[in-house]
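1. Next one to model:
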Amino acid sequence: MTIANPGSLFTPDDLLRMEDAVNYELVDGKLVERHMGMESSHIGMRVGSLIAKYLDQHPEGFVFGADAGYQCFPGSPTTVRKPDVSVIRTGRLLDNRLPKGHSRIAPDLAVEVVSPNDLAYEIEEKVAEYLQAGVPLIWIVHPPTRTVRIHRPKSAASGPISELSGDDTLTGEHVLPGFSCKVSEFFV
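-> Numbers count the residues shown, from 1 in each chain. Alright, predicted model coming up:
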């Protein structure tokens with residue numbers, strides 16, 4: 001599918017049929033280009049591979065890459081977000097079968113790796129949308145500062161926001177119990 005008019009409105013199904021869909025998210029029916037770069041892609045793959053390695057030993061969920069779309073936002077049926085890495089815990093999908101298209105349930109963990117062209121307010125909008133959709137754990141990975149900002153619901157016992165760096169240990173908290181790694185492992 002080619003984009004004839006950039007102001008056109010699209011459906012989640014239109015997004016699935018696009019040849020270059022991986023490059024776009026859908027926000028209220030409008031295509032939004034994803035800002036990606038080699039560094040952020042590499043870091044996303046590192047994060048995903050660390051989680052995949054954990055899940056190989058502890059089959060408690062499914063890990064997804066940057067092309068997995070989530071159509072799970074209350075009041076916004078024409079929004080599809082694609083975190084750089086995401087996890088859905090075992091038992092949340094009907095018969096543990098993966099959907100053919102976008103997921104209608106929110107991930108348990110959403111990871112966004114900040115790219116050079118990402119704007120701060122865009123990242124904050126995504127965090128707010130994820131929290132509103134019920135995502136209990138969000139990691140925002142900042143390559144320039146080599147930090148990870150962790151977002152949780154306001155009611156979380158460990159607080160809504162924390163930030164880790166360097167040799168600080170990042171855990172999967174209640175989403176991936178037993179998962180841990182040093183923040184520095186994301187930036188090797």
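2. now the strands for the protein?
-> For the chain, the strands defined by DSSP state E cover 24-27, 30-33, 61-64, 85-89, 109-113, 137-142, 147-151, 161-165, 169-172, 176-182.
3. So for the fifth one, mean pLDDT?
-> The predicted model assigns strand 109-113 a mean pLDDT of 98.
4. Same check on the longest one?
-> Regarding strand 176-182, the rounded mean pLDDT is 97.
5. ditto for the first one
-> The average pLDDT for strand 24-27 rounds to 95.
6. ok, and what's touching stretch 89-99?
-> With CB atoms under 8 Å, 6 or more residues apart in numbering as the test, stretch 89-99 has contacts from 59, 60, 61, 62, 105, 108, 175. C-betas here are computed from N, CA, C, even on glycine.
7. now the strands of the chain in a markdown table, with distance to residue 100?
-> Output for the strands of the chain, formatted as a markdown table (distance: least, CB to CB, whole Å):
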| stretch | distance to residue 100 |
| --- | --- |
| strand 24-27 | 17 |
| strand 30-33 | 21 |
| strand 61-64 | 14 |
| strand 85-89 | 15 |
| strand 109-113 | 21 |
| strand 137-142 | 26 |
| strand 147-151 | 30 |
| strand 161-165 | 35 |
| strand 169-172 | 27 |
| strand 176-182 | 25 |
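8. Would you confirm that residue 186 contacts residue 148?
-> Yes - with contact defined as CB atoms under 8 Å, residue 186 counts as touching residue 148 (7.2 Å).
9. out of the strands of the chain, which comes closest to residue 44?
-> strand 109-113 (4.7 Å; CB to CB).
10. quick check: angle from the closest one to strand 147-151?
-> 140 degrees (axes from the mean of the first three to the mean of the last three CA atoms, to 10 degrees).
11. Could you tell me which other helices and strands strand 109-113 packs against?
-> helix 38-57, strand 85-89, helix 120-133, strand 137-142 (3 or more CB pairs under 8 Å, 6 or more residues apart in numbering; DSSP states H and E).
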